[in-house]
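Trainee: model this:
(one chain, ligands or ions: 1)
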Amino acid sequence: MEFVTTEGFRSNSTIVHCNNGYFYKIKCTRTNSKSLQCIQTDCSVTDLIVENLLYEKRTHTTHGPDMHYLALVTLKQYILQRCVEECTRLRVIYEEETSRTQGVEHHLEYTSLLRTMERTRAAAQPKIPGDLMEYAGNLVDAGYVHLFRTANGRAMFRGFVMGPPDPGSAVVFISPSLENLLTSAQNFIYYMSRLKAGPLFYKQNNC
Ligand SMILES: [Zn+2]
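Mentor: Numbers count the residues shown, from 1 in each chain. The predicted model follows:
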């Protein structure tokens, strides 16, 4: 039978299936063939892939086809993707995504997925920067855009002020509603001058 290879439910896993509700993990890869093992732990069925065709050697006697598995994989992928791209609370992401599904949400418990969600979010965070310049690099990294938003979701102005060696440098975050005041607000310039980096920032902003 012709088969499909796709991402499995377990993290970084690959599964093989023929769109019939039975799923396999690759047990062994040889030059011209692959051995497959059913993903159900209580099932001992092993199949074979030879020349891009899957050969079923035995029938699954301990379980029937699982018609929810692929939908469950997709649901998990959506949830984890949002953990990477958003700062939304994990519980909210879980509830929003599971509410959009029909029939598979009961197969994905929040408590069993929580640790994976936490790990996924933590892995997507920038590393603790070694210096201010490295931190400034995170500010413009497209992968971290969601980390620099105001409470109402607007993109926050963020910039790096390269000061002379003596006063030093600074990273600034400014509400977008104040952004148009940057070049004229005397208070802001005064504030930045208190950081001993104001005049240079003023010049940078006018470039
Ligand atoms: Zn099986």
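
Trainee: My understanding was that S33 contacts T46; is that so?
Mentor: No: S33 lies out of contact with T46 (Cβ atoms under 8 Å); the separation is 12.0 Å. Placement of C-beta: from N, CA and C, glycine included.

Trainee: Stretch 16-32 near the ion anywhere?
Mentor: No: against the ion, stretch 16-32 shows no contacts by Cβ under 5 Å from the ion, the least distance being 6.0 Å.

Trainee: thought E86 was touching H146?
Mentor: Yes: E86 is within contact range of H146, at 5.5 Å (criterion: Cβ under 8 Å).

Trainee: tell me which element Q40 falls in.
Mentor: Assigned by DSSP states H and E, Q40 belongs to no helix or strand.

Trainee: nearest residue to it other than its sequence neighbours?
Mentor: Leaving aside its sequence neighbours, Q40 sits nearest to H63 (Cβ to Cβ, 6 or more residues apart in numbering; 5.2 Å).

Trainee: Check the burial of that neighbour by counting its neighbours.
Mentor: Neighbour count for H63, taken as other Cβ atoms under 10 Å: 13.

Trainee: Do I have it right that K27 meets S35?
Mentor: Yes: between K27 and S35 there is a contact under Cβ under 8 Å: 4.4 Å.

Trainee: Name the residues contacting each of those two.
Mentor: In terms of Cβ atoms under 8 Å, 6 or more residues apart in numbering, K27 and S35 are both contacted by the residues T46.

Trainee: what about the longest helix anywhere in the chain, average pLDDT?
Mentor: If you go by DSSP state H, the chain has its longest helix at helix 69-85. The average pLDDT for helix 69-85 rounds to 93.

Trainee: repeat for stretch 35-52
Mentor: Mean predicted lDDT for stretch 35-52 stands at 90.

Trainee: and the residue positioned nearest the centre of the chain, how far is that from the ion?
Mentor: When Cα atoms, centre = their mean is applied to the chain, the residue found nearest the centroid is V84 (2.8 Å). As for V84, its distance to the ion is 32 Å (criterion: Cβ to the ion, to the nearest Å).

Trainee: repeat for E51
Mentor: 23 Å.

Trainee: I'd assumed K34 was in contact with that residue.
Mentor: No: counting by Cβ under 8 Å, E51 does not reach K34; the two are 10.7 Å apart.

Trainee: Quickly find the element holding the residue nearest to R158 when sequence neighbours are not counted.
Mentor: In space, and not counting its chain neighbours, R158 is closest to L139: 4.5 Å by Cβ to Cβ, 6+ apart. Counting by DSSP H and E, the element that carries L139 is helix 132-140.

Trainee: What residues of that helix count as buried?
Mentor: 136, 138-139 (16 or more other Cβ atoms under 10 Å).
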